[in-house]
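**Q** sequence unknown, structure follows:
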């Protein structure tokens, strides 16, 4: 009876704590990206409210390729913040996340879509490639005609069966853990496979 | 009762679970030959699929099923995600081993005549599971979205076009809101696993109903063996768990030595790659008939396998007549293990 009462009290406390957790969330900072899609090399605006007045927030771009520190922003006396940060030009197009966090505080993660950077060079390259496509029909290439543009710029990417060479370094902990799991699997597996009449032996004992 | 007579924690815990889960009911009799390697290949395959499900769930935490991001996310799994490279490699090598065990299991079933009465329906369920396995491998190949994956997708589109109105569901134009890659990912992680689990349950139920197929010895018939034998299913299950652990250990070892490869990001254009070894049998036909071979060859082979129980109605265990009994020498080795 006592244990049932204890369980009931624990469930009640958990429910109350869970509810209050939701309620507290209303007091958390509200941070937004003005533009959800930004060009690589372009800038993005971040606005925030209900932040700790005077707190310094670190802004980081989290990508599959790694993390890039973009800058810092300081909240005003009213708890609001407005920051303009520049996105590096070499950021890969696609989905990324912007991480905004004060020192020791809970980070806020925002989704960001990065589109390819459009530079004069790229416009020139795309024009050159389309020129090639047109001129191939006339049995002429832009390289033959102009001769000044580099070969790399003229050649569109071609399919390749080559494998990607990646840096596959693993920490000693990962390798050690994998080896341990492998050896224990092989050992216990061999024991179980070699063991005959398990249930009969168990029954006799 | 003396304190020393009291059973230890392990036996007491075992009894507690056995009482509540009815584990004693699993200790039903099965023939001794069911514990030989040849007759455990199906179970080993099932454990392989469990490893694939677990590693697949882990990989799904990092994979982005969108054409613009898919290959990039695979590169991230290999280079950045925690344990990503090793888990992906285990997934990759388990697929290779499972395909081998599937083929060997099927050969054992054919040679031991396990497709005959009364197991015809289970044979069809097995064929459906084989088709799903190929479906898993094909969609998994596309998901990489490297050159090999992109070319596999191009083949898929070509075959779907040939299906005409019947291929509408599978076509790129069916959905405007989702790319085909994302839909194939959905198939890989939800539709195919759901169908697979349901069919495996039916497969196991029918094995329980009819029992394992009789050992291939001269004169043996393909009768039901349920309730026969001197061994117990619990012994079988423990031995199967042992083979499962060996499979896991083996895949980890291979994964450490040979991490799963990935090609460069796919670029549409001339065909540069060859399909995986389990699809190689279709290549010569494709060179003769073009993309139509992707429908014709599996269709003809599937039809032949489906007709097998109808064509061969002999009651003997081996798949041919009792006199030739060509299945016995083949299975004498795995049965003796």
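**A** Yep, it's here. In this text, all values refer to a predicted model and were calculated from it rather than measured experimentally. Residues are numbered from 1 along each chain as shown, chains lettered A, B, ... in the order given.
**Q** which of the residues in the strand or helix carrying residue B:49 are buried?
**A** Element membership of residue B:49 [criterion: DSSP states H and E] is helix B:41-60. For helix B:41-60, burial by neighbour count (16 or more other CB atoms under 10 Å in any protein chain shown) applies to B:41-49, B:51-52, B:55-56, B:58-59. No exception for glycine: its C-beta is placed from N, CA and C like everyone else's.
**Q** Check which element follows it along the chain.
**A** Next along from helix B:41-60, by DSSP H and E: helix B:70-79.
**Q** re earlier: ok, residues contacting the helix holding residue B:49?
**A** Helix B:41-60 is contacted by residues B:77, B:83-84, B:87-88, B:90-91, B:94-95, B:97-98, B:101-102, B:104-105, B:108, B:136, B:189, B:193, B:196, B:200, B:203, B:236, B:240-241, B:243-244, B:247-248, B:251 when judged by CB atoms under 8 Å, 6 or more residues apart in numbering or on different chains.
**Q** would you list every one of the helices in the stretch 151-300 of chain B?
**A** B:180-186, B:192-210, B:233-257, B:283-289, B:293-311 (DSSP state H, counting those that start in this stretch).
**Q** Can you check which of those helices gets nearest to chain A?
**A** helix B:233-257 (2.8 Å; CB to the nearest CB).
**Q** Can you give the distance from stretch B:220-228 to the centre of its chain?
**A** Centre-to-centre, stretch B:220-228 and its host chain are 25 Å apart (CA atoms, centre = their mean, to the nearest Å).
**Q** Which stretches in chain A count as helices?
**A** A:2-24, A:120-136, A:142-145, A:151-154, A:172-194, A:198-204 (DSSP state H).
**Q** Looking at the second one now, give me its mean pLDDT.
**A** Going back to what we said before, that points to helix A:120-136. Helix A:120-136 comes out with an average pLDDT of 43.
**Q** Burial check on residue 106, number of neighbours?
**A** Let's take chain A. By other CB atoms under 10 Å in any protein chain shown, 8 other residues sit near residue A:106.
**Q** That was the other one, I meant chain B.
**A** Using other CB under 10 Å, residue B:106 has 21 other residues around it.
**Q** buried residues in the longest helix anywhere in chain B?
**A** When chain B is parsed with DSSP H, its longest helix is helix B:84-111. Within helix B:84-111, the residues that count as buried by 16+ other CB under 10 Å are B:84-102, B:104-106, B:108-111.
**Q** between that helix and helix B:41-60, how many degrees?
**A** 160 degrees (axes from the mean of the first three to the mean of the last three CA atoms, to 10 degrees).
**Q** Could you name the helices and strands sitting against helix B:84-111?
**A** Where contact means 3 or more CB pairs under 8 Å, 6 or more residues apart in numbering or on different chains; DSSP states H and E, helix B:84-111 is packed against helix B:41-60, helix B:70-79, helix B:120-144, helix B:233-257, helix B:327-336.
**Q** if you set the cut-off to 10 Å instead, what comes out?
**A** With contacts taken as 3 or more CB pairs under 10 Å, 6 or more residues apart in numbering or on different chains; DSSP states H and E, helix B:84-111 sits against helix A:172-194, helix B:41-60, helix B:70-79, helix B:120-144, helix B:233-257, helix B:293-311, helix B:327-336.
**Q** Reformat these as TSV; add mean pLDDT and distance to residue B:156.
**A** Output for those, formatted as TSV (pLDDT from 0 to 100; distance: least, CB to CB, whole Å):
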stretch	mean pLDDT	distance to residue B:156
helix A:172-194	97	34
helix B:41-60	98	20
helix B:70-79	96	15
helix B:120-144	97	7
helix B:233-257	97	28
helix B:293-311	95	8
helix B:327-336	46	36
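**Q** out of those helices, nearest to residue B:11?
**A** Minimum separation from residue B:11 across the helices and strands packed on helix B:84-111 (CB to CB) falls at helix B:233-257, 15.1 Å.
**Q** list the helices and strands the closest one packs on?
**A** Here helix B:233-257 is seen to pack against helix A:172-194, helix A:198-204, strand B:29-30, helix B:41-60, helix B:84-111 when contacts are counted using 3+ CB pairs under 10 Å, 6+ apart.
**Q** now that helix and helix B:84-111, what's the angle there?
**A** With the same axes, to 10 degrees defining the directions, helix B:233-257 sits at 130 degrees from helix B:84-111.
**Q** Determine how far helix B:233-257 lies from the middle of the whole chain.
**A** On CA atoms, centre = their mean, the centre of helix B:233-257 falls 15 Å from that of its chain.
**Q** swap in stretch B:159-177?
**A** Relative to its chain's centre, stretch B:159-177 lies at 27 Å (CA atoms, centre = their mean).
**Q** again with stretch B:279-291
**A** Distance of stretch B:279-291 from its chain centroid, counting by CA atoms, centre = their mean, is 23 Å.
**Q** hmm, that stretch in reach of chain A?
**A** No. Contact of stretch B:279-291 with chain A (CB under 10 Å from any CB of the partner chain) is absent, the minimum separation being 14.6 Å.
**Q** Buried ones in that stretch, by neighbour count?
**A** In stretch B:279-291, the ones that count as buried by 16+ other CB under 10 Å are B:279, B:282, B:285-286, B:291.
**Q** same thing with stretch B:258-267?
**A** Within stretch B:258-267, the residues that count as buried by 16+ other CB under 10 Å are B:259-260, B:262-266.
**Q** For that stretch, what does the pLDDT average out to?
**A** Across stretch B:258-267, the average pLDDT comes to 96.
**Q** first vs last residue of it, how far apart are they?
**A** End-to-end distance for stretch B:258-267, by CA to CA, to the nearest Å: 26 Å.
**Q** returning to that earlier point: got the buried residues of stretch B:279-291 as a markdown table, with distance to residue B:17 and pLDDT columns?
**A** Output for the buried residues of stretch B:279-291, formatted as a markdown table (distance: CB to CB, whole Å; pLDDT from 0 to 100):
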| residue | distance to residue B:17 | pLDDT |
| --- | --- | --- |
| B:279 | 44 | 92 |
| B:282 | 48 | 92 |
| B:285 | 53 | 94 |
| B:286 | 53 | 92 |
| B:291 | 54 | 92 |
